[in-house]
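A.B. asks: Sequence plus predicted model, see below.
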Amino acid sequence: MEYIPGIDRRRTTDNFRKLILKDLARNSLSYVNKVNDISPPVLYSVLRENHERFKEINWEEQGEKFTLGIDEHSYRGRNLALTTTNITRKKLLMVGKDDRLKTLVEFLENSDKKRISEVCIDMKQGYRSVIEKELPGAKITIDKFHVIAYANKNLDEVRSIIVDKGYHVRKMLFKGKEKLNDREKVKLENLFKRFAKFPSLYQAYFIKEKLRDFYRLKNKKEARRKLNQLIMFCEGSRSAYMKNFGRTLFRWKEYILNYFDNYSTNAFTEGTHTKIKMIKRISFGFRNINNYIAKVTLAFIPLLWLNQHTIC
């Protein structure tokens, strides 16, 4: 029963578990299982055991002021999980067990609020309400990629109603105007002529392109003028889709314009989601949310940190 440093009553030593942790950070559980001949329960135990060591956020490392990114991703099917990132330092801060507002509230309550100067979100009223309550001094910025994605969604809905199924123009409509070749430009022009009786199709495409031009502006005053013009254009349309789109832009106008103060986007957060998808793919999914969070979080820890915490 005598305690020997590095050796306890478990079947694996402390040093071996730390070495396994480095393998788990870069490979799937099945690969580590085959190479090291370790049962899955032991691997999950190593994951959860070490997750407790680094799940607490060191707020001093996040910078004196930083931009917080908030979004959600699919954990399993329709089950979503909340993601929060430090956009300024490009660090993953938390992967939540779900995407409920309660999870976001708990995260913000335990955060160092004075360091968060700006929050980048998509157009979700729940996120906005929580941030305004928990971080009254922080600037809220709507991610530009979500605004353009919303314009694309509006265009796709109009297209699905007006354009016959035989016309394969969806990809062409979504493509940027400057990326169209001569053949596609002619095809697009003919499309709008054929469905000239349904002007909402061209209007939705026009708004999508104007929003892309809008985000190329370098002056907030000019951006405000352009956005007001787009809102007025939508309000003057007879299409219910366009009117609804215009009301959404009007409701979020000030938060959209905040982009032109610091040009903050959720690009790093979306990149984080891409890496998370890769982790899920090579791991063939996760049934336990705690194991999922531990594995995902471990993948974003720098290899240098793991080397410093591994006994050689």
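C.D. replies: Received, thanks. Numbering: from 1, shown residues only.
A.B. asks: Return the distance of the strand ranked longest in the chain from the chain's centre.
C.D. replies: The residue-count maximum for a strand in the chain (DSSP state E) belongs to strand 66-76. Here strand 66-76 is found 5 Å from its chain centre; the criterion is CA atoms, centre = their mean, to the nearest Å.
A.B. asks: Okay, now the unreliable bits of this structure?
C.D. replies: The chain contains residues with pLDDT under 70 at 1-11, 54, 302-312.
A.B. asks: Please parse it into its domains.
C.D. replies: 59-143, 144-261 (automatic domain parsing).
A.B. asks: Okay, now the last one: how far is its last residue from its first?
C.D. replies: If I follow you right, that is domain 144-261. Using CA to CA, to the nearest Å, the end-to-end distance of domain 144-261 comes out at 13 Å.
A.B. asks: rewinding a little: which one, of the domains of the chain, ends up nearest to Arg287?
C.D. replies: Closest of the domains of the chain to Arg287 is domain 59-143, at 7.8 Å (criterion: CB to CB). Quick note: C-beta positions are derived from backbone N, CA and C, even for glycine.
A.B. asks: follow-up on the earlier one: in the longest strand of the chain, which residues are buried?
C.D. replies: Residues 66-73, 75 are the ones in strand 66-76 that count as buried (16 or more other CB atoms under 10 Å).
A.B. asks: Just put the residues you listed in CSV and tack on distance to Asn291.
C.D. replies: Compiled in CSV, these are given as follows (distance: CB to CB, whole Å):
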residue, distance to Asn291
Phe66, 29
Thr67, 30
Leu68, 26
Gly69, 24
Ile70, 24
Asp71, 22
Glu72, 19
His73, 16
Tyr75, 11
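A.B. asks: just to revisit the earlier point, dump the domains of the chain to CSV, plus distance to Leu21.
C.D. replies: Converted to CSV, the domains of the chain look like this (distance: least, CB to CB, whole Å):
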stretch, distance to Leu21
domain 59-143, 17
domain 144-261, 34
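A.B. asks: tally of neighbours for Met232?
C.D. replies: When neighbours are defined as other CB atoms under 10 Å, Met232 has 11 of them.
A.B. asks: Actually, Lys220.
C.D. replies: So Lys220, with other CB under 10 Å, has 13 neighbours.
A.B. asks: And for it, nearest residue in space, chain neighbours not counted?
C.D. replies: Phe260 (3.9 Å; CB to CB, 6 or more residues apart in numbering).
A.B. asks: what helix or strand is the one you found on?
C.D. replies: Element membership for Phe260, per DSSP states H and E: helix 259-262.
A.B. asks: Leu47 - nearest residue in space that isn't next to it in sequence?
C.D. replies: Nearest one to Leu47, counting by CB to CB, 6+ apart, is Ala294 at 4.1 Å.
A.B. asks: Touching, that neighbour and Arg53? I think so.
C.D. replies: No: the pair Ala294 / Arg53 is not scored as a contact, 10.7 Å apart, by CB atoms under 8 Å.
A.B. asks: Okay, helices next: where are they in the stretch 151-300 of the chain?
C.D. replies: 170-174, 182-194, 200-214, 220-235, 240-251, 253-257, 259-262, 267-283, 289-299 (DSSP state H, counting those that start in this stretch).
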